[in-house]
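[1] What shape does this take:
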Amino acid sequence: MSGVIVNRYALRHVADSKYSHFDGSWDELVDLVEANLDNARPGHLPAIKKVPVPAEGFKTGVVQLTKGCEMVASFEARFEGEEPRKMVAATGVKSDAKFVEIICYHSTILEPHQRDGTDEWEIISVNASPVENEPIALEALLYNIFGGDGGTALDLTDTQAIVEIYKSWSYWRDKAVCAG
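    Model prediction:
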C-alpha cells in the first residue's frame, strides 16, 4: 500500500506565501491526508486524488477584489527548472478556509525530476478555499489544457475545455491569490 509524503512542490504553501497554507506541521498534514484518503474524490487522471480534510487550521490565499485593490505581477518560475510564467496577486490578508482539498499525485505519474517518492501519494497542493469546489485558477487551467511547462495534461474535448475555462473565468474574474 502506498504511503503519503509531502512533495517539494507543496512546500510553497506556507504562512508568508501567497498560497493557502496549514498552520500545523507537515507531519500533521500527512496524518490528516492519510486519515481522509478513503474519502478522496478522483482527479482528472486515475493517479490523482482530491482529499477533503477538515478546514480547521487552514488559511485561504484567495482575496476578493474590490475597486482600487492593489495588484502585483511578476514573471517567475514556480520552482527551479520550470519555465517562468505570469503571476498576478492582490494585496490583502489570508482568511480562514471554509473548504480544503489536498491534491495528491501518485509518484508514478510525475516526471522523474518532479517526484520525491517511488510508490507514494505525494501531496502536491493545499487547496484551501472560501467555497467548496473552487475552480482551478485560469492561468493554471490554461497550462494544463495547452500543455505548458509544469501543467498536467487534460484529456478534454474542445467543448469540455470551454466549459472548464468558463467556470474558471466566472469564479476568478474578481478574485486573486494573496500577494503574501
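
[2] what pairs with the lengthiest strand in the chain, and is each one parallel or antiparallel?
    Scanning the chain for the longest strand, with DSSP state E as the assignment, gives strand 120-129. Strand 120-129 has the following sheet partners, assigned by DSSP bridges: strand 3-6 (parallel), strand 99-106 (antiparallel).

[3] out of those, nearest to His44?
    Closest approach to His44 among the strands paired with strand 120-129 (C-beta to C-beta): strand 99-106, 10.7 Å. All C-beta atoms are positioned from the backbone trio N, CA, C, and that covers glycine.

[4] Output that closest one as PDB, nothing but the C-alphas.
    Extracted C-alpha coordinates of strand 99-106, given in PDB (Å, rounded to 0.1, in the frame of the first residue of the first chain):
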ATOM      1  CA  PHE A  99     -13.300  24.100   2.400                       C
ATOM      2  CA  VAL A 100     -10.000  22.200   2.000                       C
ATOM      3  CA  GLU A 101      -8.800  19.600  -0.500                       C
ATOM      4  CA  ILE A 102      -5.300  18.300  -0.600                       C
ATOM      5  CA  ILE A 103      -4.200  17.400  -4.100                       C
ATOM      6  CA  CYS A 104      -2.200  14.200  -4.200                       C
ATOM      7  CA  TYR A 105      -0.400  12.700  -7.300                       C
ATOM      8  CA  HIS A 106       0.800   9.200  -7.300                       C
END
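
[5] Let me see the contact set for the spatially most central residue of the chain.
    In the chain, the centroid-proximal residue (C-alpha atoms, centre = their mean) is Ser125; its distance is 4.2 Å. The contact partners of Ser125, by C-beta atoms under 8 Å, 6 or more residues apart in numbering, come to 9-10, 13, 102-103.
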